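Q: sequence and predicted structure, then a few things I'm wondering about:
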Amino acid sequence: MTTINRLHGSIATLMVVATSNAYAEEPALTDPPEEAAKCESDIPADCPQPAPEPAPMPEPAPAPAPVYTTDVEVYEEPEEEWYDTMGIGLSIGGGVDDFVGDTFRAATSLGGSWNVRATFGTRSIFALEGSYIGSAQNIDMGFDVDDATLVGNGLQAAARLNVLPDLDVQPFLYAGAAWRHYDVSTDSALDFVDIEDSDDVFELPVGIGVAGYVGGLMADVRAEYRGAWGNDLIDTFDIDDDSTIVGSADRWGVTGSLGAEF
């Protein structure tokens, strides 16, 4: 019995010693005060770092403002019609003219002329003209007979070169072809003189002029030379004349006209 009691005492003593050693070997749960103070002052890398504070949540971006779209009408210049671009003019005019040759001028006097003209291309570099032409002048019948009137009427077509088509003051050159019919106003003395009562001639007019345009109105002045063939009006005068360029019935003229531009 004594032996059992001693065994129990030995076991109890061993358990107490083992428990004491276990408590002695268990690491401290907190740093010693010296170590804690050192970490707070120096904060070395091996000291426990405080957890960073969480970054604040970004504020949500404001909603974009609504965009309102409307159909924008783009103004476009209306396309000009071809006749507005080229320009069309109608005019009426008159002036003075006469024969060039000395022999014809000896039998006639300085006369007057008139015209009605349509121009296609007043605002273009090249233009076309169509005209009615007329003239009237006295013709000496001789033999103490009263003078008669030599009247001319005809048609003319011409091509025109506008030097400055974009300006309101526009110089130009022109050349064309014309037919003119002459009539003598009386036949009372034709039996006594060598003059026909009518004649047809072919003419080539060339000239220079200047036109002006303002507010839909147009005006021009021009000077021209008209070469002529086919003179049978006065057979006696149907001879070569050094004062003319083309034929004995050549003419010169200065005219002006006024009209409207469309």
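A: Now that the structure is in, tell me what you want to look at. Numbers count the residues shown, from 1 in each chain.

Q: in the helix or strand hosting Asn115, what's buried?
A: Using DSSP states H and E, Asn115 sits in strand 111-120. Buried positions in strand 111-120, judged by neighbour count with 16 or more other Cβ atoms under 10 Å: Gly111, Ser113, Trp114, Asn115, Arg117, Thr119, Phe120. C-betas here are computed from N, CA, C, even on glycine.

Q: any stretches of the stretch 101-250 of the chain with poor pLDDT?
A: 141-146, 187-195, 235-242 (pLDDT under 70).

Q: I'd say Trp229 and Phe202 touch.
A: Yes. If you go by Cβ atoms under 8 Å, Trp229 and Phe202 touch, sitting 4.9 Å apart.

Q: those two - which one has more neighbours?
A: Phe202 (17 against 13; other Cβ atoms under 10 Å).

Q: and the more buried one, bridged to which residues?
A: Counting by DSSP bridges, Phe202 is bridged to Trp179, Trp229.

Q: that one contacts His181, doesn't it?
A: No. Under the criterion of Cβ under 8 Å, Phe202 makes no contact with His181, lying 11.0 Å away.

Q: could you pull out the helices for the chain?
A: Using DSSP state H, the helices of the chain run over 2-25, 33-42, 82-86, 102-107.

Q: pLDDT averaged over the longest one - what is it?
A: Right, the one you point to is helix 2-25. Helix 2-25 carries an average pLDDT of 57.

Q: ok, Ala178 touching Gly152?
A: No. In this structure Ala178 lies outside contact range of Gly152 using Cβ under 8 Å: 10.2 Å.

Q: need the overlap of contacts for these two.
A: In terms of Cβ atoms under 8 Å, 6 or more residues apart in numbering, Ala178 and Gly152 are both contacted by the residues Ile133.

Q: the more surrounded of those two?
A: Legend: neighbour count by other Cβ under 10 Å for Ala178 and Gly152, higher for Gly152 (22 against 18).

Q: quickly note the distance from the closest residue in space to the more buried one that isn't next to it in sequence to Phe172.
A: Nearest non-adjacent residue to Gly152, counting by Cβ to Cβ, 6 or more residues apart in numbering: Ser135, 4.1 Å away. As for Ser135, its distance to Phe172 is 22 Å (criterion: Cβ to Cβ, to the nearest Å).

Q: cool, and Glu261?
A: Distance from Glu261 to Phe172, by Cβ to Cβ: 14 Å.

Q: and Ala148, by the same measure?
A: 36 Å.

Q: and for Asp98?
A: 24 Å.

Q: compare these two and say which is more crowded by neighbours.
A: Phe172 (22 against 17).

Q: right, and the more buried one touches Val210 too?
A: Yes. Applying Cβ under 8 Å as the test, Phe172 and Val210 come out as touching, 7.1 Å apart.
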